[in-house]
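Peer 1: sharing a sequence plus its predicted fold:
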Number of protein chains: 2
Amino acid sequence: MRRVRIALLGCGTVGGGLVRLIEKSRSDLAARHGVEFTLARVLVRDVARRREGVEPGCLTNRPDEAIPPDTDVVVELLGGIEPARALLRRAIERGLPVVTANKALLAQHGPELFSLADAKGVALGFEGSVGGGIPIVRALRGGLAGNHVQSVSGVLNGTCNLVLTRMEREGVSFAAALRSAQEAGFAEADPSLDIEGWDAAQKLVVLSALAFGSWSPLSRVRVRGIRDVTPDRLVQARARGRVLRSVAVAERRASGLELSVEPRELPGDHPLAAVSMEENAVLVRGDTVGELLFRGRGAGAGPTATAVLGDLCDAAGTGPGRPPWPAASPSPERMAPPKNVLAL
Amino acid sequence: MRRVRIALLGCGTVGGGLVRLIEKSRSDLAARHGVEFTLARVLVRDVARRREGVEPGCLTNRPDEAIPPDTDVVVELLGGIEPARALLRRAIERGLPVVTANKALLAQHGPELFSLADAKGVALGFEGSVGGGIPIVRALRGGLAGNHVQSVSGVLNGTCNLVLTRMEREGVSFAAALRSAQEAGFAEADPSLDIEGWDAAQKLVVLSALAFGSWSPLSRVRVRGIRDVTPDRLVQARARGRVLRSVAVAERRASGLELSVEPRELPGDHPLAAVSMEENAVLVRGDTVGELLFRGRGAGAGPTATAVLGDLCDAAGTGPGRPPWPAASPSPERMAPPKNVLAL
């Protein structure tokens, strides 16, 4: 059994979800991964607030004390650029594996952070930065070996999709749909990053780097938000059998890589047209594998914490390497195979 | 650069696809994974037949000569039980990592092979055994850390789905739809393994082991094929807004794990209802991550070869560990972040 001490930077929605998920799955993590995670330190803004599953003595609000000497792995869930960037750099320079769900940071400083991690030979996990619980980073990193990706596209912002779905289904205005999304806790108090398309653009930059092997700057993404979309336009699209979604696309063109986030009308049977409410989806086209669709909950404590915990298991070196079932599980009843094909 | 010598067992549709994919992506594999794959030996039935990309001197039809002493990794694409099982056992006992796409073998002898691989500490990759190019094994092994899976279900047999889609769209009989699938090269000359549901049942046993952590014998799967489905039934279902699919389900019930493969009527907006023609899809419900859908081409040379090559990269120890983009890629143009959130 390996004991792995986490320095947790940020304990908001996702951080709190991670603490609960680790607590809930303690025995599973021991049995399947041979690992026990404990919290070495938790960086928060308000140390006076009690947090379920966190010893008050672990809490600090001082970034310079956030990564104690006995830390084994650093999990960054602060969001934004600083102090997230400085703390991740410090961790990597100390040779510590890091896990982050910070798409804003990666979209802007990805090359710098990955170069540093590569130079130091440490793992940098970022499954939680795109698509919440959808294991799209894992799929693009390892699942498309040998493929040239032609395009990667998706519905990457749950707030936009929730607002558009509500407008379409209930015929309400953009403002009313946004207000009800905020009341339901799905949209931020300041929703401009979502609504204007920048959140999706940041995620697209990360997906594009994975799919095409090089970083595009955020400024290369053509970004249009959904503020101008009217219920009429949605209803008219539906009458023509089409569906309006905020779609992020990165694709190879003769002229180079083209990246955009904008409202698009999709045919009703398009794989992304069925993505409704706060769901996310990613569609990948590879030259050999064909078209792959990944759909699931793109945000929230549970889905994103699942992604972060998977990275944590990898970073702790316990990974998915062992068969995830008990090695001693009983042999199946023997039965004659229905057919014994020898396709030499 | 690591040079990795493959003993390839079987060079049919998928094996041939793998040889072409490795050839096509030689420079990518070198740049991204630092690996060069070469063929040490290729086991085939007919050594006289020429195969593109394979030196005739590599070919053998003798199983006892199939794994030469300088082999680094064994790829088994024979299908069926023997000699696949004996050869994989021999490879694992010699400490060689192995990759297989053989669902029949895993469904029947999975516990034995995984126990042996665990005891010898070698990797056993099997992404190609379920869902073709859909990276579902990768997702279930690493992407659902901490989750209790409640159910895993899917459309796992492309031939059945192609036949049902044709019957529904063209109003033709089961026999006619099957014949045209065979003529198009999608169904085997003897399609009973597909049509009777056993191919999907084998895949379900593998998925269920991954999702629930223990092996269920094939005999525990309730299996019903699609031979009795009439065009009338499909048309009537469609008139009620429902779609008939051959659906494989493994789910936790109070009474234990329940496994089935059978024709089911799905609501028109069910994620599996949109899976048409030879496509496959897998739907996973986890207690923390929620519902995840994976859709793509479930068979064929390209998709399955992609899955096998991903496993090969992992088995060669080159894996997805390194960032898949050039470490020296240029820094992005700096631009002010749209918003700097510090969500402590």
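Peer 2: Great, that's in hand. Computed from a prediction, not measured in an experiment: that's the story for all the values here. Numbers count the residues shown, from 1 in each chain, chains lettered A, B, ... in the order given.
Peer 1: what is the neighbour count of residue A:74?
Peer 2: Look at residue A:74: counted by other Cβ atoms under 10 Å in any protein chain shown, it has 27 neighbours. C-betas here are computed from N, CA, C, even on glycine.
Peer 1: pretty sure it sits in a strand.
Peer 2: Yes - Residue A:74 sits within a strand when classified using DSSP: H, G, I helix; E, B strand; the rest coil.
Peer 1: I'd assumed residue A:88 was in contact with it.
Peer 2: Yes - between residue A:74 and residue A:88 a contact is recorded at 7.0 Å, counting by Cβ atoms under 8 Å.
Peer 1: now the common contact residues for those two.
Peer 2: residue A:98 (Cβ atoms under 8 Å, 6 or more residues apart in numbering or on different chains).
Peer 1: the helices in the stretch 201-344 of chain A, which residues?
Peer 2: With helices called from DSSP state H, counting those that start in this stretch, the stretch 201-344 of chain A shows them at A:231-239, A:301-315.
Peer 1: which strands and helices sit next to the shortest one?
Peer 2: Which is helix A:231-239. Contact here means 3 or more Cβ pairs under 8 Å, 6 or more residues apart in numbering or on different chains; DSSP states H and E; on that basis helix A:231-239 packs against helix A:158-170, strand A:242-253.
Peer 1: ranking the ones you listed by burial, who's on top?
Peer 2: Mean neighbour count (mean count of other Cβ atoms under 10 Å in any protein chain shown) peaks for helix A:158-170 among the helices and strands packed on helix A:231-239, with a mean of 23.
Peer 1: only alpha carbons, please: show that helix as CSV.
Peer 2: Extracted as CSV, the C-alpha positions of helix A:158-170 are listed here (Å, rounded to 0.1, in the frame of the first residue of the first chain):
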residue,chain,number,x,y,z
GLY,A,158,-22.6,23.5,-20.2
THR,A,159,-23.9,26.9,-19.3
CYS,A,160,-24.3,27.9,-23.0
ASN,A,161,-25.9,24.6,-23.8
LEU,A,162,-28.3,24.8,-20.9
VAL,A,163,-29.4,28.3,-21.9
LEU,A,164,-29.9,27.4,-25.5
THR,A,165,-31.8,24.2,-24.6
ARG,A,166,-34.1,26.2,-22.3
MET,A,167,-34.7,28.9,-24.8
GLU,A,168,-35.6,26.3,-27.4
ARG,A,169,-37.8,24.2,-25.2
GLU,A,170,-39.6,26.9,-23.2
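Peer 1: ok and it relative to strand A:242-253, angle-wise?
Peer 2: Interaxial angle of helix A:158-170 relative to strand A:242-253 (axes from the mean of the first three to the mean of the last three Cα atoms, to 10 degrees): 150 degrees.
Peer 1: for helix A:158-170, name the packing helices and strands.
Peer 2: The elements that helix A:158-170 packs onto, with contact taken as 3+ Cβ pairs under 8 Å, 6+ apart, are helix A:174-183, helix A:192-195, helix A:231-239, strand A:242-253, strand A:279-286.
Peer 1: try it again at 6 Å.
Peer 2: helix A:174-183, helix A:231-239 (3 or more Cβ pairs under 6 Å, 6 or more residues apart in numbering or on different chains; DSSP states H and E).
Peer 1: which residues touch the last one?
Peer 2: Under the criterion Cβ atoms under 6 Å, 6 or more residues apart in numbering or on different chains, residues A:167, A:168, A:171, A:244, A:265 lie in contact with helix A:231-239.
Peer 1: what's the most distant pair in these?
Peer 2: A:171 and A:265 (17.9 Å; Cβ to Cβ).
Peer 1: the more surrounded of those two?
Peer 2: Neighbour count, other Cβ under 10 Å: between residue A:171 and residue A:265, residue A:265 has more, with 17 against 13.
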